[in-house]
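Peer 1: Sequence and predicted structure are below.
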Amino acid sequence: MITNIASSYENKILFKVNNQIITSLDILNEVNYLNSINESLKTLEKEKIYQIAKNSLIKEKIKEIFLSKIYQDIKLNDEDFNRLIMENYSNLKISDREELNTHLKKFKLKDAYLKKKISIYTFWNQYIYLKYSKNIDINVEEIKREILKDDEQKEFLVSEILFSLEKKETLENKSLLINKSISEKGFDNSALIFSISETAKNGGQVGWIKSSSINSKIFKYISKLKINDHTKPIVVPGGFLILKLNNVKTTKREINLDQELEAIIKIKTNNQLNQFANIFLNKIKKEIVINEL
């Protein structure tokens, strides 16, 4: 299907999400956008790429439909957009806006398109923070004790696949499907296909995580992994989590309690907010009508 989309100049309506449309050009732009962040996408079969782009756009449309009821104008100012677009491509080690522009031209991506996409992402995160920040539960004293108990700590380089179950799916069958994909296509590509986390576009890469910032339940699973192994699905709020250990290192701590405490609280806050966001997205998705035309 994506072959026809990419090779045709005719822009067709493919889906309706309530009254919002998704066209063949939208799909092509989304493929280009996802490729601009993670070029390993192009190693997948065309039908898989189409499904990833479709699911990504439907999720974005659901967020846009909801946000339009809350905000009169979902649009970042130029200063915030320029700052956030650099953050969006930070995994590519792009140093300045000029270098980023050169990169984006290769994928025929325009600022107006990216500004809308990043605006929806940002306004959604702001809404989730305002709605759920009061529900954040962090034990600051426990974090302090963990920081101060040793002058060395382990850090884990981790990737993730966060998934949920659709109607009639079972955890056993979905796990077998994901494991088969990991064996055949690799963890990064499987994250692109199955993960509902924002990290999916980067192949599920979470980055280096300090042991002190990992909750005890997750740490129990990660600490038992060998490098390049992954966990069985872990039950978390909003779905199931598969973690892959890419590397591990032990670092010497130069303890600045206030700085480290602030950094760990930020990580734990973001993790909890992401869980709330996934639960809320699944809730509002039930009120949305999606039709394939």
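Peer 2: Noted; the coordinates are in hand. Residues are numbered from 1 along each chain as shown.
Peer 1: Show me what counts as buried in the helix or strand hosting residue 248.
Peer 2: Residue 248 belongs to strand 239-252 when elements are defined using DSSP states H and E. Buried residues in strand 239-252, counted by 16 or more other Cβ atoms under 10 Å: 239-246, 248. C-beta: built from backbone N, CA, C; applies to glycine.
Peer 1: Please list the residues outside stretch 229-243 that contact it.
Peer 2: With Cβ atoms under 8 Å, 6 or more residues apart in numbering as the test, stretch 229-243 has contacts from 158-165, 171, 174-175, 178, 182, 187, 196, 217-218, 221-222, 225, 244-245, 275-279, 282.
Peer 1: Report the buried members of those.
Peer 2: By 16+ other Cβ under 10 Å, the contacts of stretch 229-243 give 158-163, 174, 178, 182, 187, 196, 218, 221-222, 225, 244-245, 275-278 as buried.
Peer 1: Filter the residues you listed down to just the ones in strands.
Peer 2: 158-163, 244-245 (DSSP state E).
Peer 1: any chance of those residues in CSV, plus pLDDT and distance to residue 72?
Peer 2: CSV is the format used below for those (pLDDT from 0 to 100; distance: Cβ to Cβ, whole Å):
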residue, pLDDT, distance to residue 72
158, 96, 39
159, 96, 38
160, 96, 35
161, 96, 37
162, 95, 32
163, 94, 35
244, 97, 42
245, 97, 45
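Peer 1: Looking at those residues, point me to the pair that's furthest apart.
Peer 2: 163 and 245 (18.5 Å; Cβ to Cβ).
Peer 1: residues making contact with stretch 197-205?
Peer 2: By Cβ under 8 Å, 6+ apart, stretch 197-205 touches 34, 37-38, 40, 56, 91, 121, 159-162, 187-192, 195, 206, 244, 274, 278.
Peer 1: go with 6 Å
Peer 2: If you take Cβ atoms under 6 Å, 6 or more residues apart in numbering as the criterion, stretch 197-205 is touched by 34, 37-38, 91, 159-162, 188, 191-192, 195, 206.
Peer 1: Closest one of those to residue 256?
Peer 2: Nearest member of the contacts of stretch 197-205 to residue 256, counting by Cβ to Cβ, is residue 206, at 23.5 Å.
Peer 1: is it fair to say that closest one lies in a strand?
Peer 2: Yes. Under DSSP: H, G, I helix; E, B strand; the rest coil, residue 206 falls within a strand.
Peer 1: Residue 182 - nearest residue in space that isn't next to it in sequence?
Peer 2: Nearest residue to residue 182, sequence neighbours excluded (Cβ to Cβ, 6 or more residues apart in numbering): residue 190, at 4.8 Å.
Peer 1: show me where this protein has helices.
Peer 2: 2-7, 24-37, 46-67, 78-88, 97-105, 111-132, 140-148, 171-185, 187-194, 216-222, 257-285 (DSSP state H).
Peer 1: so what's the nearest residue to residue 196 once chain neighbours are set aside up against?
Peer 2: What sits nearest to residue 196 in space, not counting adjacent residues and going by Cβ to Cβ, 6+ apart, is residue 162, at 5.5 Å. Neighbouring residues of residue 162 by Cβ under 6 Å, 6+ apart: 195-197, 239, 241.
Peer 1: What residues are bridge-paired with residue 162?
Peer 2: Beta-bridge partners recorded for residue 162 (DSSP bridges): residue 241.
Peer 1: begin at 41 from here
Peer 2: Noted, 41 is the first residue going forward, which turns the last one into residue 202.
Peer 1: State the pLDDT value of the residue most central in space within the chain.
Peer 2: Centroid check for the chain by Cα atoms, centre = their mean gives residue 238 as the closest residue, at 1.1 Å. What the model reports for residue 238 is a pLDDT of 88.
Peer 1: Nearest to residue 331, out of the helices of the chain?
Peer 2: Judged by Cβ to Cβ, the one of those that comes nearest to residue 331 is helix 86-107, at 11.0 Å.
Peer 1: Next, the angle from the closest one to helix 297-325.
Peer 2: 90 degrees (axes from the mean of the first three to the mean of the last three Cα atoms, to 10 degrees).
Peer 1: ok, residues contacting helix 86-107?
Peer 2: 41-43, 57-58, 60, 62, 66-67, 70-71, 114, 160, 163-164, 232-233, 324-325, 328.
Peer 1: any idea how far that helix is from the chain center?
Peer 2: Distance of helix 86-107 from the chain centroid (Cα atoms, centre = their mean, to the nearest Å) equals 13 Å.
Peer 1: which regions of the stretch 41-190 of the chain lie under the pLDDT threshold?
Peer 2: 41-49 (pLDDT under 70).
Peer 1: one more time with 90, if that's ok
Peer 2: By pLDDT under 90, the low-scoring segments of the stretch 41-190 of the chain are 41-51, 78-83, 130-135, 182-190.
Peer 1: Perfect, that will be all.
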